[in-house]
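Novice: Let me see the structure of the following:
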Amino acid sequence: MNNIVKKFRQLKKEGKKAFIPYITAGDPDLEKTKEILDIFANVGADIIELGVPFSDPMADGPVIQKAMERALKNGVTIKDILDMVRDFKEAHHIPIVLMGYYNPFFQYGLECLGEDCLKSGVDGILIVDMPPEEAKDMKAALKSNGIASIFLATPVTDEARIKKIKGVAEGFIYFVSVTGVTGMREELPEEIKEKIKEIKYKTKLPVVLGFGISNPDTIKKFYDTCDGFVVGSAIVREWHRFFMNKAKREDFINFLERLSSSCHIKDKGK
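Specialist: Here you go, the predicted structure:
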């Protein structure tokens, strides 16, 4: 059984939600990324999303775009990322999801990607610009190695597309809170709750909420509806402030701990 599936089953039994922090691999460098992965583990991350640097991250807002630019300047490759994941997994058993765009994965080679992800300990891959209709080859390469293929859904995903997503998705569905790019938002629309419920019912998979999650209040608002929360731009922003010496380490860790704690309120959703 895939580790992502195991994690969601465990959290459901405990009445908790998944805290899924995101960081761009190689921002500002690989050694610093290793540091924040350990921090994520220590503050209670349930799953970690590692962004694969790409020159045209069309779904990402300015915060993550700049993080990818910093990583690309360092020449960070998929092989570098997989080596880092392997080292991390020697000390931690937290599921790792690579999140990125199709071109770098395609250039790496799909068969090699699946095999090397298995060797390194990657548990899932989410390709932002991969529609389910075109996912056959990628899905086959990953599935043969026990790697979950994760797909996006949005507030405008209709019934026909939910059916297509159900046919290829594994692990969980990443629900994009709003149409647009990643970034911090003060509030998310209340009406997306019904769409999330619909997707959970029709796919029978956990649904996590992402794009715009920046504080515990948002998590509390959607706690009863979602199975987990991805926090990206807000973490990348605070991480940048920390490694530029504009914020204290303890303040950064406290920020993460508040997010983690808000996902782990036992039985709140019952």
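
Novice: Are we agreed that residue 94 is in a helix?
Specialist: No. Going by DSSP: H, G, I helix; E, B strand; the rest coil, the assignment for residue 94 is coil, not a helix.

Novice: now for the longest helix seen in the chain, which elements pack on it?
Specialist: Of all segments of type helix in the chain, defined using DSSP state H, the longest is helix 249-263. Applying 3 or more Cβ pairs under 8 Å, 6 or more residues apart in numbering; DSSP states H and E, we find helix 249-263 packed against strand 18-24, helix 30-42, helix 216-222, strand 228-231, helix 233-243. (Glycine included, C-beta is placed from N, CA and C.)

Novice: Tabulate the ones you listed in TSV, adding columns for mean pLDDT and mean neighbour count.
Specialist: TSV is the format used below for these (pLDDT from 0 to 100; neighbours: other Cβ atoms under 10 Å):
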stretch	mean pLDDT	mean neighbour count
strand 18-24	97	26
helix 30-42	97	17
helix 216-222	93	17
strand 228-231	96	26
helix 233-243	92	21
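
Novice: now these in CSV, with distance to residue 114?
Specialist: What follows is these, written out as CSV (distance: least, Cβ to Cβ, whole Å):
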stretch, distance to residue 114
strand 18-24, 22
helix 30-42, 22
helix 216-222, 33
strand 228-231, 23
helix 233-243, 28
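
Novice: Relative to residue 169, which of these is closest?
Specialist: Closest of the helices and strands packed on helix 249-263 to residue 169 is strand 228-231, at 14.7 Å (criterion: Cβ to Cβ).

Novice: Tell me the gap between the closest one and the middle of its chain.
Specialist: 7 Å (Cα atoms, centre = their mean, to the nearest Å).

Novice: where does this protein have its least confident helix or strand?
Specialist: The helix or strand of the chain with the poorest confidence is helix 62-73; it has a mean of 89 (mean pLDDT, DSSP states H and E).

Novice: what angle do that one and helix 30-42 make?
Specialist: 130 degrees (axes from the mean of the first three to the mean of the last three Cα atoms, to 10 degrees).

Novice: what's the angle from helix 62-73 to helix 233-243?
Specialist: Using the same axes, to 10 degrees: helix 62-73 against helix 233-243 is 60 degrees.

Novice: Give me the helices and strands touching helix 62-73, please.
Specialist: Short answer (3+ Cβ pairs under 8 Å, 6+ apart): helix 62-73 packs on strand 18-24, strand 48-51, helix 233-243.

Novice: Identify the residues contacting the shortest one?
Specialist: This means strand 48-51. Applying Cβ atoms under 8 Å, 6 or more residues apart in numbering, the contact partners of strand 48-51 are 20-25, 33, 37, 40, 64, 67-68, 81, 85, 94-100, 126, 230, 232.

Novice: rerun that using 7 Å as the cut-off
Specialist: With Cβ atoms under 7 Å, 6 or more residues apart in numbering as the test, strand 48-51 has contacts from 20-25, 37, 40, 64, 68, 81, 94, 96-100, 230.

Novice: Find me the pLDDT at the residue lying closest to residue 56 once chain neighbours are set aside, would you?
Specialist: Leaving aside its chain neighbours, residue 56 sits nearest to residue 101 (7.4 Å; criterion: Cβ to Cβ, 6 or more residues apart in numbering). As predicted, residue 101 sits at a pLDDT of 93.

Novice: got the phi/psi numbers for residue 101?
Specialist: Backbone torsions of residue 101, given as degrees, to the nearest 10, read phi -120, psi 160.

Novice: OK, contacts around residue 39?
Specialist: Taking Cβ under 7 Å, 6+ apart as the test, what residue 39 contacts is 253, 256.
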